[in-house]
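Enquirer: Please find the sequence and the predicted model below.
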2 protein chains.
Amino acid sequence: MELWQLTAGEASARMSAGTLSSEAYIRACLARIAERDPTVQAWAHLDPDGALTQARACDQVPRRSPLHGIPVGFKDVIRTKDLPTTFNSPIYAGHQAHEDAHSVAVLRALGAVVLGKTQTLEFACGGQFPPTRNPWDLSRTPGGSSSGSGAAVADGMVPLALGTQTGGSTIRPAAFCGVYGMKPTWGRIPFDGIKSFAAHLDTVGLFARSVDDLRLLLQAYALQDVPAPSVPKWRELRLGICRTPYWGEAEPQAQAAFELALSQLREAGVRLVELPWAPEYTDINRWQDDIMQDGGRSAFWPEMLGQPEHLHDDFKAKLNNHLGLTPERLRASLDAVARCRMAFEQSMQDVHAVLSLSAPGVAPLGLQTQGMATFNRLWTAMQVPCISMPALWGEGGLPMGLQLIHRRYEDHRLLEVAACLAPLLDLRKNSWN
Amino acid sequence: MELWQLTAGEASARMSAGTLSSEAYIRACLARIAERDPTVQAWAHLDPDGALTQARACDQVPRRSPLHGIPVGFKDVIRTKDLPTTFNSPIYAGHQAHEDAHSVAVLRALGAVVLGKTQTLEFACGGQFPPTRNPWDLSRTPGGSSSGSGAAVADGMVPLALGTQTGGSTIRPAAFCGVYGMKPTWGRIPFDGIKSFAAHLDTVGLFARSVDDLRLLLQAYALQDVPAPSVPKWRELRLGICRTPYWGEAEPQAQAAFELALSQLREAGVRLVELPWAPEYTDINRWQDDIMQDGGRSAFWPEMLGQPEHLHDDFKAKLNNHLGLTPERLRASLDAVARCRMAFEQSMQDVHAVLSLSAPGVAPLGLQTQGMATFNRLWTAMQVPCISMPALWGEGGLPMGLQLIHRRYEDHRLLEVAACLAPLLDLRKNSWN
């Protein structure tokens, strides 16, 4: 096994045992990047010397946390004090922020190494696509907008990465890249220092190659539930199945893979119950779009005032309120989402988590697309925590994601359900196997 | 009339007419600050030379907007690229951000001059109080947490200032300082670049000495309603009166001043209807506190990890979940607020705005207090726009605020109602009269 193939938890255990240095681990990741990134193009900014300097400093002091000496990639909409933050926008070419975002500062304080910035759709919103390719099939998108974070973790370039989700920007690339992705409860990881798009929706996202590695990140951000979760063994698990109002938009291969996973769980003794979607909430993805487009009316205003000639028409359309959103319609959309959330969380009272698709199929062909967020928008609107597990497989062995959803503030509990399910599912392999 | 007494709109008109330069106006403000601030202590950081350099640059180019050449103060939790941002925290002593917050970048792009940073309660949350005094009575607090913004605008040091509100941090100091304050609909001015406290509540706040000046700020942030508001003349106005569940906590002088304002409006022909508060929403201020305290569990985590020895116990209490908040309780509080908001906005269908108190009385004595947010927490929780007008007067001629409230996204309409009411109310004077 190559060093770059280690998960963060595995590398951390070796570092604690004194059999691996941060420098050696990060050198292995950098070598993997040097080999692969000319093709995959997951990184927007890298500073190998800076990362190795951080690594050597880590190696010379007592370990501060399990993330001590572990490299992390950050989507290039998240500010870092020692690397450029350019949002994939010509307006911010070469821009240096000088300050860490909240989500970066926490990991750095715990000893993690800022390895580099990962590619993103422009402003995580529209405009210019990143050049990033899907490691499973270079002719396909890795999904977006956290394209580089998904691809880099999937390709063994870095064990952990951060992204964001406003529509489907974390769960979708995690699904298409065959890694674990998590969108925590909205607001639990402050968005400070990240370019916002739509405040009601913007959420920090997490990428890893195992449930244990996601747990390391949740612990770093102090997202333990109160009281600590008591998750039953899988024989006692009872899960809800939510096909959402959009099941007909899933590809047959996604529907079939979902049914296969359900049968794997059923055979293991997990109880599954269908959670019907109330007809009055069928339009939730449109409501999410109203809320998201409205965010764009103010998010890109400084750029419009400062450098309109470098602002893509996608953003100008939002600034011009292209949907013609009125106060009445925005209130109606926000209130409908709030009622839907109450009904959904109520419907979850008797289950330990809810299962759905992460994406309507495998990653689409081409790089001028990021795939659909059909199975993400609704959960983002509801601000509930979601995890994508690489447990569904499609044409050519391409990954799709099985999505687990919980009520707000049950992030830790959701993770423990994912841990409980992992041995029962077909978590086949990594992209390099 | 002294130049420093001009409102932003008055100064802007003179600048457009060529009878006033930005430099002359800002010199007048700086002279007023030099005279008064050793006593009032509204400013955390000032750079007179830098402000004059900006002013001279403004004077040499065509006017970009009505705010061109107009000085603005920014609460010291709002990042500015050319002045320190220290949050009134020892952890950030001398801290320089190098980047403007969204709310600063917009005004700067429109030609406004960043005059300085105004004093704040530590992190706009707790801990260390600012030294700022109330210009109306130096033995009293100006209210917080946007203490310096309220005091500086009230004392003629600057015509416009920005603050924030998570509990009552804009409307309260506006009321105690006898100026206009506005808390727009949550999220309409992005919070990017401002230290967050509780994401569900954090809102950029506006301070000015006239309704027209508030309008200049709303226009700068492109907060015009769609479609543009058609506000009736005052004879056609119909307003709701909301005494909230906390009327008994208002001082008798506040209740009496409120009744006096109502009688002034009634005599002018404004129709007033009592909007009863539904008994099931009596606890809204406690729900707001749950949501706010929960925000503190993550907001101060980087500081706790980095410099715990310099973090005040107020913040450590929040990080330690001193209320013992559970997922169930947080969901219940958030959902109760959402239901209350729907009921409130529904109850407003037949009125043009709602009237309430801005504060339970006049500014309390002492500087180790910021007064109560009793009449603010509920509206902050509901994310609705609020304006405080200096239209109620208490003991010793001290100001109290009349609060106007509207439905979400009706910011512009709310402002036009305030403009319509202004001639009917006792907007007595400024602190220096």
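Expert: Received the coordinates, thanks.

Enquirer: just so I have it, where are all the strands in the stretch 151-300 of chain A?
Expert: Along the stretch 151-300 of chain A, the stretches classed as strands by DSSP state E, counting those that start in this stretch are A:160-165, A:180-183, A:203-208, A:238-241, A:271-274.

Enquirer: looking at those, which is closest to A:Leu334?
Expert: strand A:203-208 (16.4 Å; CB to CB). In this view, the C-beta of every residue, glycine as well, is placed from N, C-alpha and C.

Enquirer: Do that closest one and chain B come into contact?
Expert: No - between strand A:203-208 and chain B, judged by CB under 8 Å from any CB of the partner chain, nothing touches; the nearest distance is 10.2 Å.

Enquirer: How far off centre is that strand?
Expert: Here strand A:203-208 is found 4 Å from its chain centre; the criterion is CA atoms, centre = their mean, to the nearest Å.

Enquirer: and it, which strands flank it?
Expert: strand A:160-165 (antiparallel), strand A:180-183 (antiparallel) (DSSP bridges).

Enquirer: okay, now the domains of chain A?
Expert: A:3-220, A:234-283+A:329-424 (automatic domain parsing).

Enquirer: quick one on the thing from earlier: now the strands of the stretch 151-300 of chain A in TSV, please, with extra columns for mean pLDDT and mean neighbour count.
Expert: Listed next are the strands of the stretch 151-300 of chain A as TSV, based on pLDDT from 0 to 100; neighbours: other CB atoms under 10 Å in any protein chain shown:
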stretch	mean pLDDT	mean neighbour count
strand A:160-165	98	29
strand A:180-183	98	30
strand A:203-208	98	28
strand A:238-241	97	18
strand A:271-274	97	12
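
Enquirer: For these, give me CSV that also has distance to A:Gly111.
Expert: Shown next, in CSV, are those (distance: least, CB to CB, whole Å):
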stretch, distance to A:Gly111
strand A:160-165, 13
strand A:180-183, 21
strand A:203-208, 17
strand A:238-241, 36
strand A:271-274, 41
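
Enquirer: Specify the helix with the largest residue count in chain A.
Expert: helix A:327-347 (DSSP state H).

Enquirer: Show me the contact partners of the helix or strand that comes right after that helix.
Expert: As assigned by DSSP states H and E, the chain's next helix or strand after helix A:327-347 is strand A:353-357. Residues from elsewhere that reach strand A:353-357, judged by CB atoms under 8 Å, 6 or more residues apart in numbering or on different chains: A:239-244, A:250, A:254, A:258, A:261-262, A:272, A:275, A:348, A:375, A:392, A:400-406, A:413-414, A:417-418.

Enquirer: Who does strand A:353-357 pair with, and is each partner parallel or antiparallel?
Expert: Partners of strand A:353-357, by DSSP bridges, with direction: strand A:238-241 (parallel), strand A:399-405 (antiparallel).

Enquirer: Nearest to A:Arg133, out of those strands?
Expert: strand A:399-405 (14.6 Å).

Enquirer: Send over the next helix or strand after the closest one as CSV, restricted to the C-alpha atoms.
Expert: Using DSSP H and E, the next helix or strand after strand A:399-405 towards the C-terminus is helix A:411-421. Provided in CSV are the C-alpha atoms of helix A:411-421 (Å, rounded to 0.1, in the frame of the first residue of the first chain):
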residue,chain,number,x,y,z
ASP,A,411,-25.0,15.4,12.7
HIS,A,412,-23.1,13.1,15.0
ARG,A,413,-26.0,10.7,15.1
LEU,A,414,-26.2,10.6,11.3
LEU,A,415,-22.5,9.8,11.1
GLU,A,416,-22.9,6.9,13.5
VAL,A,417,-25.7,5.5,11.5
ALA,A,418,-23.5,5.7,8.4
ALA,A,419,-20.7,3.9,10.4
CYS,A,420,-23.3,1.2,11.3
LEU,A,421,-24.4,0.7,7.7
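
Enquirer: Return the angle between stretch directions for helix A:411-421 and strand A:353-357.
Expert: Calculated by axes from the mean of the first three to the mean of the last three CA atoms, to 10 degrees, helix A:411-421 forms an angle of 70 degrees with strand A:353-357.

Enquirer: Any idea which of the domains of chain A gets closest to B:Phe129?
Expert: Using CB to CB, the domains of chain A put domain A:3-220 closest to B:Phe129, at 23.5 Å.

Enquirer: mind checking the end-to-end distance for that closest one?
Expert: Using CA to CA, to the nearest Å, the end-to-end distance of domain A:3-220 comes to 23 Å.

Enquirer: can you pull out the helices in the stretch 201-350 of chain A?
Expert: Counting by DSSP state H, counting those that start in this stretch, one finds helices in the stretch 201-350 of chain A at the ranges A:211-220, A:252-267, A:284-299, A:301-306, A:313-319, A:327-347.
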